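> curious how this folds, go ahead:
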Amino acid sequence: MLHSINDFNEAKQVIPGGVNSPVRAFGAVGGTPRFIKKGEGAYLSDEDNNTYLDFVQSYGPLILGHAHPSVLKCLHEIMQNGFSFGAPTELETALAKELVLLIPGLEKVRFVNSGTEATMSAIRLARAYSGKDDIVKFSGCYHGHSDSLLVKAGSGLATFGATSSLGVPEDVAKHTIVAEYNSIESFKEALRLSKNIGCVIIEPIAGNMGLVPAKKEFLLELRELCTKHNIVLILDEVMSGFRAGLRGSYEFYGVEADLYTFGKVIGGGFPLACFGGGDHIMKLLSPVGGVYQAGTLSGNPIAVGAGLMSLAIIRQDDGLLYERLESLATRLVTGLKEGAKSNGFSLQTEVRGSMFGFFFNDKPVTNFKEALESNTELYARWHAKMLDRGVYFAPSQFETSFICAPMNEAMMDEVIVKSNDALKEIKHDA
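Numbering: from 1, shown residues only. Presented below is the predicted three-dimensional model:
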């Protein structure tokens with residue numbers, strides 16, 4: 001731990017909080033964040049030479065694990081010709097064609113560098129297409145840190161948002177209505193509140209309050225109401241796209257969006273995201289239409305090449321990879337739940353493809369309010385003990401965990417044993 005402690009203290013001298021994304025600071029679980037020096041396959045190594053089985057996987061992108069040899073070889077070849085050009089390349093078109101082929105309703109895409117850029121741009125485009133300014137988001141869904149989306153819910157069923165961050169003008173937040181996830185009545189209340197709703201944005205498989213999938217009937221009715229009221233439906237699949245399944249949430253719901261956002265897996269671990277939809281909307285985007293969006297590094301060959309190779313590897317077995325990873329995730333959460341029960345703790349679990357989540361909670365979790373009732377103190381204690389045992393989970397109860405291709409049943413069984421031992425210690429300490 002000495003190296004990580006020293007590294008963290010040094011980082012805090014020049015980086016706010018010592019980290020470049022807040023959850024990394026371990027504020028929710030206590031202790032010192034591990035400073036990572038290497039990732040290989042399913043494992044991470046820190047600066048103190050500790051090795052961890054990694055269920056964070058850079059928060060989703062690394063479905064093939066760390067430093068996949070074929071991706072590395074591909075990147076080496078690409079980088080011989082340069083890193084970035086600020087000009088079009090054939091690789092961009094190839095990846096765009098791949099995405100259009102796989103995702104129903106997706107006809108054109110625009111590449112950007114992050115999920116935040118993708119959702120921010122999609123909302124701008126949706127407002128332009130609909131001619132209406134208000135947007136609806138759902139409590140607990142995270143769509144990046146643009147001003148329109150840094151809002152929190154009020155006390156009502158659905159309310160106009162209040163800012164959740166300093167620096168966000170109330171005049172911006174007032175155009176965002178926050179509804180309750182998995183509650184169609186809450187969305188109907190939003191429709192009553194405003195006749196100026198231009199778009200709805202939602203994670204169909206929410207991954208930022210822990211893993212909380214949408215109920216199928218809820219998502220289907222949301223689709224119907226958006227169509228009825230001429231509202232653009234944006235499915236934010238930055239996390240779930242090509243992670244939950246080869247066609248993202250469509251595998252589970254059969255719901256087509258008007259606009260999609262994708263990220264993480266499509267960049268193979270490099271900064272890459274996109275937004276896209278039907279041509280009738282996308283043609284409003286500059287340079288064809290009047291909606292402006294640009295980016296110097298957007299679609300750079302390194303990120304695009306990593307994404308292309310990753311998708312090619314994923315597709316080699318006609319999607320059977322997802323079945324295997326889902327089987328591993330199910331094996332793991334079943335064992336974690338049984339171990340928790342045997343030690344007197346309640347654990348709620350969920351699996352979607354290679355994504356899984358769990359809450360130390362007495363009741364099933366279907367929305368953010370219920371997620372917040374989870375025992376975060378117990379999670380923090382368990383998290384620390386699992387780190388000591390060489391297992392790396394996200395430093396927050398409210399994050400999704402991930403299975404990667406190099407993992408196997410023996411690894412899952414080992415984690416189950418370690419979790420059972422950790423919970424026995426916690427029970428004994430109490």
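> what about the closest residue to G289 other than its chain neighbours, neighbour count?
Nearest residue to G289 in three dimensions, chain neighbours excluded: K283, at 5.7 Å (Cβ to Cβ, 6 or more residues apart in numbering). Backbone N, C-alpha and C define where each C-beta goes, glycine included. Using other Cβ atoms under 10 Å, the number of residues around K283 comes to 13.
> same thing with G115?
G115 has 26 neighbours, counted by other Cβ under 10 Å.
> check contacts around it.
Taking Cβ atoms under 8 Å, 6 or more residues apart in numbering as the criterion, G115 is in contact with 143-144, 236, 238-239, 261, 263-264, 273.
> quick check: longest helix of this structure.
The helix of greatest length in the chain, counted in residues with DSSP state H as the criterion, is given as helix 320-342.
> what's that one packed up against?
The criterion is 3 or more Cβ pairs under 8 Å, 6 or more residues apart in numbering; DSSP states H and E, and the helices and strands that helix 320-342 contacts are strand 348-352, strand 355-359, helix 409-429.
> output the contacting helices and strands for the last one.
This points to helix 409-429. Helix 409-429 packs on strand 51-54, helix 320-342, helix 376-388, strand 391-392, going by 3+ Cβ pairs under 8 Å, 6+ apart.
> what residues are up against V56?
With contacts defined as Cβ under 8 Å, 6+ apart, the neighbours of V56 are 392-394, 399, 401-402.
> now do 7 Å
By Cβ atoms under 7 Å, 6 or more residues apart in numbering, V56 lies in contact with 392-394.
> could you do G248 as well?
When contacts are counted by Cβ under 7 Å, 6+ apart, G248 is found next to 103, 237, 240-242.
> do that again at 6 Å, thanks
The neighbourhood of G248, defined by Cβ atoms under 6 Å, 6 or more residues apart in numbering, consists of 237, 240-241.
> filter these to the buried ones?
Neighbour counting by 16 or more other Cβ atoms under 10 Å classes 237, 240-241 among the contacts of G248 as buried.
> now, which of the residues you listed sits nearest L149?
Nearest to L149 out of the buried ones among the contacts of G248 is E237 (Cβ to Cβ; 15.7 Å).
> my read: that closest one touches G263, true?
No - using Cβ atoms under 6 Å, E237 is not in contact with G263, being 8.3 Å away.
> which neighbours do these two share?
Both E237 and G263 lack any common contact, where contact means Cβ under 6 Å, 6+ apart.
> and this structure, what are its domain boundaries?
2-67+320-429, 69-315 (automatic domain parsing).
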